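# fold the stuff below for me.
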Amino acid sequence: MSKVYTCTMNLAIDLFIETEELLPRVVNRTIDDDIQANGKGVNVSLVLKMLGVSSTALGFSGGFTGNYIEAFLKEKKIATDFVPVEGLTRINVFTQVNAENTEYKLVNQGPEIQGENTQALLEKISQLEADDYLCVSGSLPRGVPPTILVEISRICYEIGVHLIIDSSYKEILDCLKYQPFLLKPNDEELSEWFGKELLTEDEYIAYGEKLIAAGAKNVLLSLGGDGAIFINQDTCVKGNAPTGRVVNTACAGDTLLGTFLAGLIQGQDTAGTLRRSLAAGSSTAFQKGLTDFSDVPILEEQIKITRRKEND
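Predicted structure coming up:
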């Protein structure tokens with residue numbers, strides 16, 4: 001039976017703060033705060049768990065902050081197999097300033113990873129089995145070059161692992177020859193990969209199809225407030241995003257991906273999966289942490305799925 005793994009090479013604890021104002025050189029009092037175990041792959045594991053899909057979280061973990069994340073995942077009954085490293089897993093800060101209706105994001109670098117740590121992670125990945133799923137998400141820590149994504153792609157291709165990549169590095173284009181199962185770029189990343197600016201919807205689709213032609217089996221393009229587009233050789237469908245008050249966008253894309261991946265694994269129809277994923281991602285954006293899916297059916301009612309190819 002296929003197993004599911006997520007890989008977060010730069011784990012994080014996210015500190016969410018809400019304040020009325022954020023002023024210089026004075027003590028700014030918060031009106032609310034929350035601490036969340038985070039990292040893009042961790043979020044995918046949490047979303048998958050809520051949707052009935054078990055996974056094992058891989059990556060690098062350092063110090064008491066890394067221990068906190070491992071304990072949190074254990075409490076959620078999510079397995080972990082992190083590589084221990086020197087230093088501390090990072091803490092990021094997201095501040096909602098109500099007077100400005102603005103969110104500030106402060107993202108730290110995290111620990112520096114040694115070569116033997118990287119090799120240990122690659123060895124764990126090489127032990128996966130054919131038809132397993134591996135979702136590699138997020139930024140890379142210091143000491144890990146973007147070419148690791150190409151190496152992971154090669155390993156997964158040779159084993160027969162379904163590889164999902166959600167990361168911004170241009171080296172992802174070098175991974176395409178290894179036929180990744182799913183890529184999840186956002187609009188800015190797709191534009192940057194192809195050296196373009198201000199793409200239209202038709203251009204997004206055209207460049208998504210270029211990724212498919214170059215080897216990717218599926219592409220899930222996140223457009224933020226404009227929704228998302230799913231593309232493969234047979235299908236191109238788009239959905240809008242529902243409206244609501246945005247509180248914290250940090251985990252919305254991870255929720256979109258986790259929900260969509262669960263639908264693919266469970267064999268659900270493409271249109272319904274995209275609608276549910278958009279609603280779940282927006283639900284997360286409308287609150288401090290990950291959605292609990294309670295308002296997802298209501299948000300789904302706002303979403304219209306448009307088919308761009310007739311044979312879906």
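
# now the strands: where do they sit in this structure?
4-8, 12-19, 32-38, 56-62, 79-85, 90-97, 102-106, 133-137, 162-166, 182-183, 218-222, 228-232, 236-239, 305-307 (DSSP state E).

# who does the shortest one touch, helix- and strand-wise?
Which is strand 182-183. strand 162-166, strand 218-222 (3 or more CB pairs under 8 Å, 6 or more residues apart in numbering; DSSP states H and E). Placement of C-beta: from N, CA and C, glycine included.

# let's have the strands of the chain in JSON lines, adding mean neighbour count and distance to C251.
Shown next, in JSON lines, are the strands of the chain (neighbours: other CB atoms under 10 Å; distance: least, CB to CB, whole Å):
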{"stretch": "strand 4-8", "mean neighbour count": "26", "distance to C251": "12"}
{"stretch": "strand 12-19", "mean neighbour count": "20", "distance to C251": "8"}
{"stretch": "strand 32-38", "mean neighbour count": "18", "distance to C251": "7"}
{"stretch": "strand 56-62", "mean neighbour count": "25", "distance to C251": "15"}
{"stretch": "strand 79-85", "mean neighbour count": "19", "distance to C251": "19"}
{"stretch": "strand 90-97", "mean neighbour count": "19", "distance to C251": "10"}
{"stretch": "strand 102-106", "mean neighbour count": "12", "distance to C251": "12"}
{"stretch": "strand 133-137", "mean neighbour count": "27", "distance to C251": "11"}
{"stretch": "strand 162-166", "mean neighbour count": "26", "distance to C251": "12"}
{"stretch": "strand 182-183", "mean neighbour count": "25", "distance to C251": "19"}
{"stretch": "strand 218-222", "mean neighbour count": "24", "distance to C251": "12"}
{"stretch": "strand 228-232", "mean neighbour count": "24", "distance to C251": "15"}
{"stretch": "strand 236-239", "mean neighbour count": "22", "distance to C251": "19"}
{"stretch": "strand 305-307", "mean neighbour count": "15", "distance to C251": "23"}
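
# kindly reformat those strands as TSV containing distance to L257 and mean pLDDT.
TSV is the format used below for the strands of the chain (distance: least, CB to CB, whole Å; pLDDT from 0 to 100):
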stretch	distance to L257	mean pLDDT
strand 4-8	10	98
strand 12-19	17	92
strand 32-38	14	90
strand 56-62	15	98
strand 79-85	19	98
strand 90-97	19	92
strand 102-106	19	90
strand 133-137	7	98
strand 162-166	6	98
strand 182-183	8	98
strand 218-222	7	97
strand 228-232	10	97
strand 236-239	14	97
strand 305-307	18	93
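
# coming back round to it: in CSV, list the helices and strands packed on strand 182-183 along with distance to K105.
CSV is the format used below for those (distance: least, CB to CB, whole Å):
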stretch, distance to K105
strand 162-166, 17
strand 218-222, 17
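
# picking up where we left off before, who wins for proximity to G289 among the strands of the chain?
Among the strands of the chain, strand 32-38 comes nearest to G289, with 5.3 Å by CB to CB.
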